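Trainee: Just to be clear, the model below is a prediction. Sequence and coordinates:
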Amino acid sequence: MKALVWHGKEDIRCDTVSDPTIEEPRDAIIKVTSCAICGSDLHLFHNLIPAMLPGDIMGHETMGEVVEVGSEAARTLKKGDRVVIPFTIYCGECEQCRRQNFSLCQRTNRKKELGEKVFGHATGGLFGYTHLTGGYPGGQAEYLRVPFADTTHIKVPEGIPDEKLLFLSDILPTGWHAAQQCDIEAGDTVAVWGCGPVGQMAIRSALLLGAEQVVAIDRLGDRLSMAAAAGAVTIDFERESVIGRLDELTDGQGPQKCIDAVGTESHVSFGQPDTLYDRAKQMMLMENDRPHALREMIYVCRPGGTLSVVGVYTGLVDKLPLGIAMNKGLTWRMAQAHVPRWTPELLRLIEEDQLDPSFVITHIADLDQGPAMYMAFRDKQDSCIKVVLKP
């Protein structure tokens with residue numbers, strides 16, 4: 001089969017690799033009908049997250065048709081079922097799964113010792129996302145082996161196009177999770193840093209969950225226009241002061257809820273002192289992440305407010321103003337999204353036409369165009385916001 005394969009930093013190729021096979025009774029094989037490139041895939045593309053190996057298959061936003069099932073997976077799946085595959089692999093039985101903390105599943109990380117060495121305690125398995133999370137082949141391919149498939153799937157109805165359903169795999173529940181972590185109340189202002197695909201979903205989720213005002217912060221006109229179309233107030237941080245504008249919009253009080261949909265690769269003006277500091281520390285291998293957005297959130301958040309972090313961070317950050325956060329009494333909530341916790345509500349919203357996630361798609365291409373699409377997504381060429389690939 002064809003698959004997008006990692007060969008090193010900024011080197012993704014469309015290779016011919018072995019077809020997946022059933023390895024365990026809970027496995028299933030799906031024929032991929034649609035997959036997507038995620039912003040967090042760029043962290044792997046840039047080799048910012050450790051434990052990628054040449055030959056690893058990329059991708060964790062995937063859907064398709066079941067073509068083979070293991071003996072235990074047959075309890076819930078059959079050939080021909082149409083499914084979306086969550087990026088989190090979960091057993092459904094361990095303590096964390098019983099608590100609905102599905103991205104922290106205690107059984108699905110098959111490289112558990114490596115995860116424990118780096119994280120202290122291993123997290124759950126993820127598709128196509130380094131050997132720290134199991135080293136599982138990803139879904140940017142013609143076929144995908146799904147371990148723990150009897151639980152790790154979302155059955156979806158016929159008659160709804162892939163483009164409306166595919167993002168149930170990651171960016172839609174991640175954006176919804178970001179807003180849910182805020183415990184939004186009537187009258188709240190929710191500020192969202194980063195208007196990429198996850199940020200766009202977080203903006204719409206916050207509005208659906210009752211925020212009085214959502215403020216979207218980015219520097220790219222196409223992303224800001226997309227956020228404004230949802231009803232957000234926008235701030236272009238290259239043209240305006242984020243702190244000044246948020247003060248204006250909240251009568252000097254600051255937003256009650258702040259969402260980080262940026263993560264490790266924060267891009268801000270080189271005139272910002274902390275940006276210069278982070279870049280220098282990264283070059284000297286003394287810091288992993290560039291947490292400008294996180295620092296700004298801490299500074300502007302209203303005392304007693306909440307910071308919701310769903311942007312992916314990779315390791316160590318420096319000069320984080322923890323004292324400010326402590327003295328302001330800020331609540332921190334963060335996680336890889338627990339996808340199945342939110343699936344029933346999100347699928348209902350899609351089926352009832354209250355939510356159409358396909359608005360974020362700007363490019364659809366064949367799988368063999370994937371390497372070029374990675375470059376276009378990285379460089380934001382041709383107003384590229386979200387790429388869907390068709391194997």
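Mentor: Structure received.

Trainee: so what's Cys14 up against?
Mentor: Lys2, Ala3, Leu4, Val5, Leu367, Asp368, Gly370, Pro371 (Cβ atoms under 8 Å, 6 or more residues apart in numbering). (C-beta placed from N, C-alpha, C; glycine too.)

Trainee: Roughly how far does it sit from Val146?
Mentor: Distance of Cys14 to Val146, given as Cβ to Cβ, to the nearest Å: 22 Å.

Trainee: follow-up on the earlier one: just the contacts of Cys14 now: which is nearest Asp162?
Mentor: When the contacts of Cys14 are compared for distance to Asp162 (Cβ to Cβ), Leu367 comes out closest, at 13.8 Å.

Trainee: can you tell me which residues contact the closest residue to the closest one other than its chain neighbours?
Mentor: Of all residues not flanking Leu367 in the chain, Pro391 sits nearest, at 4.4 Å (Cβ to Cβ, 6 or more residues apart in numbering). Contacts for Pro391 (Cβ under 8 Å, 6+ apart) come out as Lys2, Val32, Thr33, Cys35, Ala141, Glu142, Asp366, Leu367.

Trainee: at 6 Å what do you get?
Mentor: Val32, Glu142, Leu367 (Cβ atoms under 6 Å, 6 or more residues apart in numbering).

Trainee: Of these, just the buried ones, PyMOL syntax please.
Mentor: Only the buried entries of those go into this PyMOL selection, using 16 or more other Cβ atoms under 10 Å:
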select buried, resi 32+142+367
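
Trainee: Restricted to strands, list the contacts of Pro391.
Mentor: Val32 (DSSP state E).

Trainee: hmm, who's touching stretch 200-209?
Mentor: The set of residues external to stretch 200-209 that reach it, using Cβ under 6 Å, 6+ apart, is 171-172, 175-176, 178-179, 184, 190, 192, 214, 216, 226-227, 230-232, 259, 261, 360.

Trainee: how about the residue nearest to the spatial centre of the chain, what does it touch?
Mentor: The chain has Ile171 as the residue nearest its centroid, 5.0 Å off, counting by Cα atoms, centre = their mean. Listed by Cβ under 6 Å, 6+ apart, the contact set of Ile171 reads Pro197, Val198, Met201.

Trainee: who wins for most neighbours among those?
Mentor: Among the contacts of Ile171, Val198 has the most neighbours (other Cβ atoms under 10 Å), with 32 neighbours.

Trainee: How about the contacts made by that residue?
Mentor: Shown in contact with Val198 (Cβ under 6 Å, 6+ apart): Ile171, Thr174, Gly175, Ala261.

Trainee: And for the second one, nearest residue in space, chain neighbours not counted?
Mentor: Read it as Thr174. Leaving aside its chain neighbours, Thr174 sits nearest to Ala337 (4.1 Å; criterion: Cβ to Cβ, 6+ apart).

Trainee: the helices in the stretch 101-250 of the chain, which residues?
Mentor: Using DSSP state H, counting those that start in this stretch, the helices of the stretch 101-250 of the chain run over residues 112-119, 162-165, 171-180, 197-208, 221-230, 242-249.

Trainee: Going by mean pLDDT, which of those comes out lowest?
Mentor: In terms of average pLDDT, helix 112-119 trails the rest of the helices of the stretch 101-250 of the chain, at a mean of 87.
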